[in-house]
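Novice: Sequence first, predicted coordinates after that:
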Amino acid sequence: MILIVDDDAAVRSSLTFLLKKAGYTPEAVPGPEQALAVVRSATPELVLLDLNFTLTTTGEEGIQLLKQIKIFHPEVPVILMTAWGSISLAVQGMQAGAFDFITKPWNNLVLLNSIRTALELRKQQQEKPLNRNEADTKYHFDRIIGQSQGLMDILSTVSRVATTNASVLITGESGTGKELIAEAIHKNSHRAKEPFIKVNLGGLSHSLFESEMFGHKKGAFTDAYVDRTGRFEMAHKGTIFLDEIGDLELSSQVKLLRVLQDQTFEMLGDSKTRKVDVRIVSATNRNLREMVTNRSFREDLFYRINLITIHLPPLRERQEDIPLLAQHFADELARQNRLSKISFATDAFKYLQKLPFPGNIRELKNLVERTILVSGKNILEAKDFQTELEQLNPAASAASVSLQGMTLDELEKKTILQSLKTYKGNLSQVAAALGISRAALYRRLEKYNIPIDK
């Protein structure tokens, strides 16, 4: 049973008809008193809750009812319904435990997708965790290397959410494999045969955002010589991967929110409203909660993109996976270049597991490949990696010495300080040597209170 709580009889009637037609069993009530009577005597599968009732227009009564429902049935998903002008109220509801919010007048497809997603996620939360063999055979996760508990927890989450339409936010440092997880979500979804469109929002300026994402008509602006299809339209029926979403300018965040909200948009130079059906997966290496606090990221957009959050740990926190990853990269390189089988001496794995790898998996891959090609050996030893690090980046090699007694944060800070010294403060060279972006380097300088010489 799906409980509908709304003081508008026309809304209750419309929602009841829609849900019955979709195969659900709805029960509609006009206000908090009747809603509480229902939840005290039964457990609804889901609640559709209007936030504004006749007695108040502030939404306080709706928020209070949400909290009471969560006391009786904390596991029951609640989807809020509110007018566009009351989005801030919906955000309060999300903070109080609501699953999602829908704006009125609602889009039937968007509403039904949200209901279906909430019910599927609730059901799948009861499934047992994956083992490595099941992950590879059933979900084709064989490109995601490792067997640490943290990684297996991530793959279990991916297997549960992939078949839903839930928006997913993937967080983690640069080089941790966020795009690989996004692809795994798409390939295990019912949209797998449809497009998977990747967009790096960090590289989009405000002036290019609308044209790139929504497309434009010929003549819409200078140099618009032909019609152009936007990324959202390209992704219709499939998945759009919004990478580096934390780097998106505030003015562009407003435009993005609208299409995520009701799955409609207009091309530049065209007044026709277009509908699109896409699944949203986003990724960032920034702390969006902090950005919401300092008002550099919209709170309503934050809640719209992260019904599910998957955090990828840095490589230094999954050291047991380093031997598996290193061997995988060696096997790939040997196959691509028709080389003999390449193996690692025990001391080589131990050496690699002691390195901080600020560039994470990407940096490990580069180091393994360079060492194989430069050394020309079939059995790699610790000294081969140390020699390669000394040639490429003396600072990184120095940081691998005298590790005993140092925390991982201390080791990473030491690596950065030595790299700054080696490259005389040239941040581009330091970032390249460490295998991270300049933006990622800036965040680490801020984290460790390392001053930048101007």
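Specialist: In hand now; what should we look at? Numbering: from 1, shown residues only.

Novice: From Glu388, how far out is the closest residue to Leu180 other than its chain neighbours?
Specialist: The shortest distance from Leu180 to any residue other than its chain neighbours is 6.0 Å, reached at Ile144 (C-beta to C-beta, 6 or more residues apart in numbering). Glycine gets a C-beta too; all of them are placed from N, C-alpha and C. For Ile144, the distance to Glu388 (C-beta to C-beta, to the nearest Å) stands at 26 Å.

Novice: What is the burial count for the residue nearest to Leu180?
Specialist: Here the neighbour count serves as a burial measure; for Ile144 (other C-beta atoms under 10 Å) it reads 18.

Novice: Can you verify my assumption that it contacts Ala184?
Specialist: Yes: here Ile144 reaches Ala184: they are 6.5 Å apart, a contact under C-beta atoms under 8 Å.

Novice: On the three-state scheme, the residue nearest to Leu180 is what?
Specialist: coil (DSSP: H, G, I helix; E, B strand; the rest coil).

Novice: Run through the residues that contact it.
Specialist: Under the criterion of C-beta atoms under 8 Å, 6 or more residues apart in numbering, the contact list for Ile144 reads 135, 151, 155, 177, 180-181, 184.

Novice: hang on, the earlier thing: which residues do Ile144 and Ala184 both contact?
Specialist: Among the neighbours of Ile144, those also in contact with Ala184 (C-beta under 8 Å, 6+ apart) are Leu155.

Novice: Neighbours of the residue lying closest to Arg438 once chain neighbours are set aside, how many?
Specialist: With C-beta to C-beta, 6+ apart as the criterion, Arg438 has its nearest non-adjacent residue at 4.9 Å, and that residue is Ala431. Around Ala431 sit 23 other residues, with neighbours defined as other C-beta under 10 Å.

Novice: try Asp277
Specialist: Other residues within reach of Asp277 by the criterion other C-beta under 10 Å amount to 15.

Novice: coming back round to it: quick check: phi and psi at the residue nearest to Leu180.
Specialist: With angles defined as degrees, to the nearest 10, Ile144 sits at phi -100, psi 110.

Novice: Leu151 contacts Glu317, correct?
Specialist: No: with contact defined as C-beta under 8 Å, Leu151 does not reach Glu317; the gap is 10.4 Å.

Novice: Between those two, which has more neighbouring residues?
Specialist: Neighbour totals were compared for Leu151 and Glu317, and Leu151 leads with 22 against 12 (other C-beta under 10 Å).

Novice: Which secondary structure element is home to that one?
Specialist: Secondary structure here is read from DSSP states H and E; on that basis Leu151 sits in helix 149-161.

Novice: Buried ones in that helix, by neighbour count?
Specialist: By neighbour count with 16 or more other C-beta atoms under 10 Å, helix 149-161 contains the buried residues 151-152, 154-161.

Novice: Mind putting those residues into JSON lines with pLDDT and distance to Ser437?
Specialist: Rendered in JSON lines, the data for those read as follows (pLDDT from 0 to 100; distance: C-beta to C-beta, whole Å):
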{"residue": "Leu151", "pLDDT": "93", "distance to Ser437": "23"}
{"residue": "Met152", "pLDDT": "92", "distance to Ser437": "28"}
{"residue": "Ile154", "pLDDT": "94", "distance to Ser437": "23"}
{"residue": "Leu155", "pLDDT": "93", "distance to Ser437": "26"}
{"residue": "Ser156", "pLDDT": "91", "distance to Ser437": "30"}
{"residue": "Thr157", "pLDDT": "91", "distance to Ser437": "26"}
{"residue": "Val158", "pLDDT": "93", "distance to Ser437": "25"}
{"residue": "Ser159", "pLDDT": "91", "distance to Ser437": "30"}
{"residue": "Arg160", "pLDDT": "89", "distance to Ser437": "31"}
{"residue": "Val161", "pLDDT": "91", "distance to Ser437": "28"}
